[in-house]
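>>> Could you work out the structure for the sequence below:
(one chain, ligands or ions: 1)
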Amino acid sequence: MLSLPARCLLRPPRQPLPAPPRRGSSGPGRRWLLSTPIFYVNGPPHIGHLYSALLADALHRHRGLLGPGPGRLATGTDEHGLKIQQAAAAAGTAPSELCAHVSGLFRDLFSRAAVSFTDFIRTTEPRHRRAVQCFWAALQGRGLLYKDFYEGWYCTPDECFLTQAQITERPDAQGRPCKVSLDSGHQVHWTKEENYMFKLSEFQEPLRKWLQGNRHVISPEPFYQVVLRWLEEDLPDLSVSRERNRLQWGIPVPGDSTQTIYVWVDALVNYLTVAGYPDAHHTWWPAAHHVVGKDILKFHAIYWPALLMAVGLDPPEQIYVHSHWTVRGQKMSKSLGNVVDPVACFKQYTVDGFRYFLLRQGVPERDCDYYEEKVIKLVNSELADALGGLLNRCTAPSINPSGIYPHFSESCFRKGSDHMDVEASGRALAEDYELIASVDRLPLQVTDYFEHFQIYKALESVVTCVRQTNGFFQRHAPWKLCRDNPAEKCWLDTVLHVTLECLRIYGILLQPVIPATAEKLLSRLSIKPEERAFTGLTFLPRYHGKPCPFEGRKLGPDMGALFPRLETPRRHQMEIKGLRP
Ligand code: MSP
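Coordinates of the predicted model:
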């Protein structure tokens, strides 16, 4: 076994957790108004929608643990537009009924998924209608709207206008040639009608300046570059209304009953509505941090900031962009019949199991693939075996019969940097000092990854430490140590203390991602709710010469396995054994 003199192992200086990057004039406390996109109600939620919401939830929870806030998390449903009008007509129901039903599905899903939203907005609410109409009046008041004959392609499923360069021709299901959006593959239609136009072209330069002055406003970075490239192309004015005789399901243009406000303008303003616009938004605006999928980046990174500048408001502080989930390598779609229902996933993998999978495997920069075996393998190996197994091992009555947080002994585990050799450092080995150094660094690392929208990396670094701790436990085999021998008991208690301390840190750091499992873990360790924040989070204080409030504390009740292993469905077992084609 590798045993370096302890002083060879450099420990990083202990630093306080950094305050996340701050911008804007959002008041003395750091405020954040996190948002998910608001979801279309033309169909039930799927795992892609859930992913958007979980990313925002994990960020929100993480920030809440970092400091006093104040912070908010808004989500909701996008209920107007041609797409909803047509979906309701196809279902033979009134749009308002369809909206109420599907909006309820989203709300229930997010509650079940432990998405800690503080506001759930529906664009059909009166507070939103008022905000949109005020916003429209502000645009008009500044002379940024004009009426014109608009002629061009419209894609109803995407609710957007497209230029000739953004469409292509493909055969439809019957083999007839049909025009589709290059980006989404959805069919487009030629529209020709009188609309209000927004002078978007006037904002090309201000948008460029804003982006150049805020290099981190869109992350991950490749998406920032995408937006800059868009701004090198022509930026035509944007049609911001539809004729009312075609689109009745929407907010009417104030003072012009022949026109309905374009659904994207309506939808984007939701972020202001939840901030209290038009009366009380200054407390929260522009502390807006939007989480959006890559398909709606242009709306959030070009149209929305331009619209905000147009009414004299600042663009959002941050836009976090994520990619998409595919299913066994294919795009999710109704026609392929491969749309994955998140509620079924919760039943199969538990809420925390599925939250963990999506956030651990979801890499915002690239599309990620879902399939059952992958979830089961990941969750069993990391949550059930590595984390759950570790807790089980160090709390087992055979090894810790008194059921307490045992004492740490400095003579067994001397402070690393002061000692030259293994003898002098007690019974701790070089790898043990490496473990201490890794877990010491972990809270800072995790925070840094969260702030850079790399939650998957934060989880990876936690798992690496969990595995290191399992190695520590295995290496010292405390089950072989004899409690009746005072020297061995001292070391046994120290090994248990270090392991429990590691688990305490993992439990605290995992709260934003697997809140129920983290709560179970921390309760088992008897960590009180007020001891679970990131502030004042000191790992292994006794090693650092400080008092440890947990030493000698009775552990919490044993509530069974931390995370029970997931079963592989029978049909997969048969496939693996070759019993099924
Ligand atoms: N209503 C608009 C958003 C308006 S926000 C002012 C909308 N709704 S949506 O329901 O179509 O999509 C909502 C979110 O789900 C988007 O961020 C979108 O990227 C995300 N996803 C939809 N399908 C997805 C996957 N397959 N994978 C991951 N996320 C995806 O757009």
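
>>> Pull up the residues of the stretch 301-450 of the chain that are close to the ligand.
The stretch 301-450 of the chain has residues 324-325, 332 near the ligand, with proximity defined as CB under 6 Å from any ligand atom. (Each C-beta comes from the backbone N, C-alpha and C, glycine too.)

>>> Select from the residues you listed the one having the most neighbours.
Trp325 (22 neighbours; other CB atoms under 10 Å).

>>> Phi, psi for that residue please.
phi -100, psi 130 (degrees, to the nearest 10).

>>> Tell me which residues of stretch 55-74 come out buried.
55-67, 70-74 (16 or more other CB atoms under 10 Å).

>>> hmm, back to that, just curious, which of the residues of the stretch 301-450 of the chain next to the ligand is nearest to Tyr349?
Closest approach to Tyr349 among those (CB to CB): Trp325, at 14.6 Å.

>>> So the closest one sits against Asp367, correct?
Yes - applying CB atoms under 8 Å, one finds Trp325 in contact with Asp367, separated by 7.2 Å.

>>> residues contacting Asp148?
Counting by CB atoms under 8 Å, 6 or more residues apart in numbering, Asp148 touches 194-195, 197.

>>> Show me which of these are buried.
Among the contacts of Asp148, those classed as buried by 16+ other CB under 10 Å are 195, 197.

>>> Pro564: how many residues sit nearby?
If you count neighbours by other CB under 10 Å, Pro564 ends up with 13.

>>> Could you double-check that it lies in contact with Asn380?
No - in terms of CB under 8 Å, Pro564 does not count as a neighbour of Asn380; the distance is 9.6 Å.

>>> got a pLDDT number for the closest residue to Lys415 other than its chain neighbours?
Distances taken as CB to CB, 6 or more residues apart in numbering put Tyr543 closest to Lys415, at 6.5 Å, once the chain neighbours are dropped. pLDDT recorded at Tyr543 is 94.

>>> so how far is Lys192 from the nearest residue to His189 once chain neighbours are set aside?
Of all residues not flanking His189 in the chain, Tyr154 sits nearest, at 5.6 Å (CB to CB, 6+ apart). According to CB to CB, to the nearest Å, Tyr154 and Lys192 sit 10 Å apart.

>>> same question, Phe299
Counting by CB to CB, the gap from Phe299 to Lys192 is 23 Å.

>>> what about those two, which has more around it?
Between Phe299 and Lys192, Phe299 has the larger neighbour count (other CB under 10 Å), namely 19 against 10.

>>> The nearest residue to the more buried one once chain neighbours are set aside: neighbour count?
Closest residue to Phe299 apart from its sequence neighbours, by CB to CB, 6+ apart: Trp264 at 5.6 Å. Neighbours of Trp264 under the rule other CB under 10 Å: 23.

>>> got the residues of the stretch 51-200 of the chain near the ligand?
Going by CB under 6 Å from any ligand atom, the residues of the stretch 51-200 of the chain near the ligand are 51-52, 78.

>>> hang on, Gly81 packs against Gln248?
No - if you go by CB under 8 Å, Gly81 and Gln248 don't touch, sitting 10.9 Å apart.

>>> Who has more neighbours out of these two?
Using other CB under 10 Å, the more surrounded residue of Gly81 and Gln248 is Gly81, with 26 against 13.

>>> Apart from its neighbours in sequence, what residue is nearest the more buried one?
The shortest distance from Gly81 to any non-neighbouring residue, by CB to CB, 6+ apart, is to Val263 (3.4 Å).

>>> for the one you found, what are its contacts?
78, 80-83, 159, 250.

>>> now the helices for the stretch 301-450 of the chain?
304-310, 342-349, 351-361, 372-379, 389-395, 430-451 (DSSP state H, counting those that start in this stretch).

>>> Please identify the buried residues of the one helix or strand Thr258 maps to?
Thr258 belongs to strand 256-261 when assigned by DSSP states H and E. Buried residues in strand 256-261, counted by 16+ other CB under 10 Å: 259-261.

>>> again, but for stretch 178-194
In terms of neighbour count (16+ other CB under 10 Å), stretch 178-194 has its buried residues at 179-181, 184, 187-188, 191, 193.

>>> again, but for stretch 161-180
In stretch 161-180, counting by 16+ other CB under 10 Å, buried: 161-162, 167, 179-180.

>>> and what of stretch 519-529?
In stretch 519-529, counting by 16+ other CB under 10 Å, buried: 519-527.

>>> who's the closest residue to the ligand within the chain bridged to?
Among all residues of the chain, Gly293 sits closest to the ligand, at 1.6 Å; criterion: CB to the nearest ligand atom. Counting by DSSP bridges, Gly293 is bridged to His322.

>>> check contacts around it.
Counting by CB under 8 Å, 6+ apart, Gly293 has contacts 37, 48, 52, 321-324.
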